[in-house]
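*Asks:* Quick one, what's the 3D model for this:
(one chain, ligands or ions: 3)
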Amino acid sequence: MAAMKKVLLAVAVATFAAFSGQRFLKLKEIMLASRQIPVKHLSCHYLQNIEYGAEDITILKDGLAFMSTGLKFPGLHSFSDEPGKMYVLDLLHPRPTPVELQISGELDLTSFNPHGISAYTDEADDSVYVFVVNHPHHNSQVEIFRYVEEDTLVHLKTITHPLLHSVNDIVAVGVESFYATNDRYFHSDALLLVAVFLDLTWCDVVFYSPHEVRMVADGLRSPNGINLSPDKRYIYVSDIMDHDIDVFERQEGEQLRYIKSVAVGSLCDNIEVDHKTGDVWLGCHPNAMKLSSYDPEDPPGSEVLRIKNIHSEKPVVSLEYADDGHVLMGSSVAAPYEGKLLIGSVFHKALYCLLK
Ligand SMILES: [Ca+2]
Ligand SMILES: [Ca+2]
Ligand SMILES: [Ca+2]
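*Replies:* Numbering: from 1, shown residues only. Ligands and ions are numbered 1, 2, ... in the order given. Take a look at the predicted model:
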């Protein structure tokens with residue numbers, strides 16, 4: 001009997017070891033831990049005043065770019081203990097320079113920790129609303145601001161809801177409504193690792209309006225950036241740990257119908273869409289192991305991808321910019337505008353580039 005127990009124990013240990021080994025390999029595969037990328041530069045310079053990351057950037061049709069800076073995110077490096085800030089930049093200016101936005105209203109600025117952003121123009125009166133994911137004390141909430149020229153955000157509303165529990169990015173579809181991605185199912189880091197280890201696809205996309213809040217798409221591994229097609233019919237979600245972009249069609253009642261996934265071979269973060277061409281631009285992490293372990297001697301790189309004709313049978317994914325981390329570490333967003341490209345990062349700097 002004792003011998004039998006020993007055999008069973010040995011089998012259990014061997015099975016667990018094999019399983020752990022296999023899962024560890026899977027984890028390395030998800031993180032693209034061995035990936036090196038070639039350098040491909042554009043004509044770029046650093047944006048003034050941006051030293052602590054510009055995790056998300058979005059550009060209005062009139063060339064006004066908004067950026068969130070100074071993100072503090074569990075498990076990721078930060079060069080600053082100061083609260084985050086919002087900036088605006090006019091791309092029509094001959095020398096575009098980021099200007100810090102003054103925030104008026106009730107918002108607690110000492111714990112402001114801005115992450116994903118989205119801007120919405122109300123066609124009735126051309127008012128511009130800026131939606132910002134905020135993580136004060138590592139909670140998740142969404143702030144809605146009205147932009148007042150030249151440099152003010154008037155805080156209108158803070159939205160919290162149990163379904164908005166780990167929000168990464170949002171895309172506004174009305175003056176008070178948006179879609180949001182929850183990038184994790186579990187909040188504890190240990191359970192998050194278990195979810196990655198077991199390959200759980202339990203994350204979701206939530207629709208919020210003052211009248212209803214509900215989950216509209218699920219079964220995602222780790223949804224990160226989210227954005228709309230120019231005709232507003234489709235929603236694109238970057239399933240970062242799945243190395244693909246999921247395409248959904250908006251249905252009656254704001255439910256999302258899954259259409260397809262486009263493989264990108266990288267860990268893509270935020271999504272911006274060219275207003276004119278509909279091309280999808282992605283700020284990506286070529287190697288997430290380097291991003292999370294942050295070693296200045298072996299810095300995390302940056303990679304910008306573009307998807308053309310995403311709705312066709314054969315979308316074309318192209319590499320537009322790549323760096324080994326010596327110019328830009330941890331690119332998280334790439335926003336195009338009329339032959340120019342802004343590239344933001346999680347905790348480092350931001351670049352202004354010319355595409356032609
Ligand atoms: Ca965004
Ligand atoms: Ca996917
Ligand atoms: Ca993001």
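*Asks:* Could you use CA atoms for every contact and neighbour count after this?
*Replies:* OK.
*Asks:* so where do the helices sit in this protein?
*Replies:* When assigned using DSSP state H, the helices of the chain occupy the ranges 2-30, 189-197, 288-293.
*Asks:* Would you mind checking the average pLDDT for the last one?
*Replies:* Helix 288-293 carries an average pLDDT of 95.
*Asks:* Reformat the helices of the chain as JSON lines; add distance to ligand 1 and mean neighbour count.
*Replies:* Converted to JSON lines, those look like this (distance: least, C-alpha to the ion, whole Å; neighbours: other C-alpha atoms under 10 Å):
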{"stretch": "helix 2-30", "distance to ligand 1": "23", "mean neighbour count": "13"}
{"stretch": "helix 189-197", "distance to ligand 1": "23", "mean neighbour count": "14"}
{"stretch": "helix 288-293", "distance to ligand 1": "20", "mean neighbour count": "20"}
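*Asks:* and those, which one is worst for confidence?
*Replies:* Set side by side, the helices of the chain show their lowest mean pLDDT on helix 2-30, which sits at a mean of 76.
*Asks:* which strands and helices sit next to that one?
*Replies:* The elements that helix 2-30 packs onto, with contact taken as 3 or more C-alpha pairs under 8 Å, 6 or more residues apart in numbering; DSSP states H and E, are helix 189-197.
*Asks:* The helix it packs on packs against which elements?
*Replies:* When contacts are defined as 3+ C-alpha pairs under 8 Å, 6+ apart, helix 189-197 packs onto helix 2-30.
*Asks:* I'd like the distance from the helix it packs on to the chain centre, please.
*Replies:* Helix 2-30 has its C-alpha centroid displaced from the chain centroid by 36 Å (C-alpha atoms, centre = their mean, to the nearest Å).
*Asks:* same deal with stretch 50-64?
*Replies:* For stretch 50-64 - counting by C-alpha atoms, centre = their mean - the centre lies 13 Å from the chain centre.
*Asks:* tell me the mean pLDDT over that stretch?
*Replies:* Per-residue pLDDT over stretch 50-64 has a mean of 98.
*Asks:* does it come close to ligand 3?
*Replies:* No: no part of stretch 50-64 sits near ligand 3 under the criterion C-alpha under 5 Å from the ion; the closest distance found is 6.7 Å.
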